[in-house]
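J.: What follows is a predicted protein model with its sequence.
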Amino acid sequence: MNLVQITPGAGGMYCGNCFRDNALVAALRREGHETLMVPLYLPMTLDEASMVRDTPTFFGGINVFLSQKLPGHGSAPGWIRRLLDHPRLLKWASGRAAKTRASDVGELNLSMLMGEEGRQVRELDDLVGWLGGRGRPDAVLLSNALLVGFARRLRRGLGCPVIVFLQSEESFLDSMPEPWRTRSWETLATRGREVDGWIAPTRWFGERMQARLGFDPGRLRVVPNGISMEGYDALPARPERKPGSPFTLGFFARQCPEKGMDIVVDAFIELRRDPAFRFARLKVGGGCGPSDEPFVAVQREKLRRAGLQGDATFHPNVSRAEKVAFLASCDVVSVPGRQVEAFGLYQVEAMAAGCPVMQPTWGTYPEIVGGTGGGVLFGENTPAALARALREALARPGELRAMGEAGRRVVRERHTDVAMARETVEALRPWLTSASG
């Protein structure tokens with residue numbers, strides 16, 4: 001197949017969607033499919049080799065912002081717009097973007113959803129024109145539903161199906177203030193009718209978004225997310241652990257309230273109040289941008305007041321090798337997110353390292369944990385419930401180790417980047433057949 005994958009970059013922030021799309025493109029290419037990765041907005045921050053290569057960044061973040069704020073910017077000379085898309089300027093803009101929340105960009109998000117009817121029409125024309133000069137692809141894949149405004153122009157300009165991946169858009173849109181929240185959902189539903197198909201990483205999230213957007217259930221496919229196994233395959237089997245031996249609780253995701261980092265910290269503090277668990281340690285890893293630092297400082301202070309600062313370590317913005325080593329060093333990883341997620345890539349990353357996960361019983365977590373056998377569901381999303389589950393798990397270390405091995409086995413079978421690429425190709429075939437007919 002000849003495919004185009006369009007993915008927004010998050011600048012200096014680590015972005016699970018970027019990781020997932022980059023891994024998909026890499027695997028599609030290894031499987032023999034010509035796949036072009038087109039970045040939007042800002043550079044991507046990845047812990048693997050980028051698949052963007054020399055493709056220019058479209059919808060450069062500075063031009064997008066100025067098109068929104070200055071009505072005449074859309075007719076600015078091309079040399080000015082190209083200057084504003086210079087990689088050095090976009091890198092500078094990445095630092096400012098790291099401090100941006102969904103609540104700050106409601107009007108801009110709505111304009112993007114409106115496509116050629118929004119203020120970024122020149123950026124859209126540039127993208128479609130550039131892609132059109134490279135020949136007709138078999139399909140264009142949009143990284144998430146916030147890009148559905150592109151669908152009409154892409155279908156007309158390239159004459160191919162447009163498929164949208166669903167990737168945690170719900171929490172982003174729901175965090176916007178009114179009137180932007182309601183108007184964005186309405187525009188997304190309207191523009192979604194022009195999309196040929198939708199691919200969700202979990203059944204739960206796909207059906208939830210189908211209900212909210214009202215598209216035909218027959219246009220939904222489920223393709224689980226996958227990861228590259230580089231580094232994980234070299235990890236040895238975990239040794240048996242005896243009760244009372246050192247135990248490490250890990251958190252690995254963006255270090256923010258939405259991911260429930262404070263729930264893990266509070267559960268650790270509660271666990272350590274019991275002298276029987278004095279051997280427990282805490283490791284916190286994952287993305288930490290400027291907007292996250294005040295929250296992290298509060299968590300560090302809680303640990304200091306509890307006298308546990310020496311038993312907790314923080315590992316922000318690590319490399320891929322450091323991430324694998326981090327997960328391999330944990331006995332359990334918990335990321336008890338407060339917001340609806342499409343998948344939660346950190347779960348299969350932990351399992352790939354043989355580390356079981358401990359997640360609340362809601363959202364997509366039961367589907368992933370239940371489908372792999374690689375973890376524990378602890379009910380209500382509270383520190384007390386997590387601490388209780390940890391106590392019970394530590395009393396049965398053999399079961400904990402067995403869950404880790406089960407999770408690792410299933411990830412190798414179903415959640416690799418190659419498995420994701422092959423299932424994506426199979427999901428695309430009916431839409432490509434229909435388009436050619």
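T.: Nice, thanks for sending it over.
J.: Quick one: low-confidence residue ranges for the stretch 51-200 of the chain.
T.: Counting by pLDDT under 70, the stretch 51-200 of the chain shows low-confidence ranges at 95-104.
J.: what about Ala23, how many residues close to it?
T.: 23 (other Cβ atoms under 10 Å). C-betas here are computed from N, CA, C, even on glycine.
J.: Just the element for it, please.
T.: Ala23 is part of helix 16-30, with elements assigned from DSSP states H and E.
J.: Run through who's touching that helix.
T.: 1, 3, 5, 7-10, 35, 37, 44-51, 143-144, 165, 167-168, 201, 225-228, 343, 345-346, 416-418, 420-421, 424-425 (Cβ atoms under 8 Å, 6 or more residues apart in numbering).
J.: let's go with 6 Å and repeat that
T.: Outside of helix 16-30, the residues within contact range by Cβ atoms under 6 Å, 6 or more residues apart in numbering are 5, 7, 35, 37, 44, 46, 51, 143, 167, 225, 228, 345, 417-418, 420-421.
J.: Same check on stretch 275-285?
T.: 246-252, 268, 271-272, 311-315, 318, 326.
J.: Skipping its backbone neighbours, what lies nearest Met403 in space?
T.: Pro356 (4.0 Å; Cβ to Cβ, 6 or more residues apart in numbering).
J.: where exactly do the helices run in the stretch 101-250 of the chain?
T.: 106-113, 121-132, 151-158, 169-174, 180-192, 203-213 (DSSP state H, counting those that start in this stretch).
J.: packing partners for the longest one?
T.: Right, the one you point to is helix 180-192. In terms of contacts (3 or more Cβ pairs under 6 Å, 6 or more residues apart in numbering; DSSP states H and E), helix 180-192 is packed against helix 106-113.
J.: buried set for the helix it packs on?
T.: Gly106, Leu108, Asn109, Leu110, Ser111, Met112, Leu113 (16 or more other Cβ atoms under 10 Å).
J.: roughly how far apart are the residue nearest to the third one when sequence neighbours are not counted and Leu113?
T.: Distance criterion Cβ to Cβ, 6+ apart; nearest residue to Asn109, sequence neighbours excluded, is Ser184 at 5.7 Å. Here the distance between Ser184 and Leu113 works out to 6 Å (Cβ to Cβ, to the nearest Å).
J.: With Arg300 instead?
T.: 39 Å.
J.: Same question for Leu386.
T.: Counting by Cβ to Cβ, the separation of Leu386 from Leu113 is 37 Å.
J.: hey, what's Gly285 bridged with?
T.: Phe252, His315 (DSSP bridges).
J.: For Arg408, which non-adjacent residue is spatially closest?
T.: Using Cβ to Cβ, 6+ apart, the nearest residue to Arg408 is Gly354, at 4.6 Å.
J.: What about that neighbour? Give its phi and psi, please.
T.: Recorded main-chain torsions at Gly354 are phi 80, psi 20, according to degrees, to the nearest 10.
J.: So for Leu90, which of the helices of the stretch 101-250 of the chain sits nearest?
T.: helix 121-132 (13.5 Å; Cβ to Cβ).
J.: Which parts of the protein belong to which domain?
T.: 2-227+417-436, 247-414 (automatic domain parsing).
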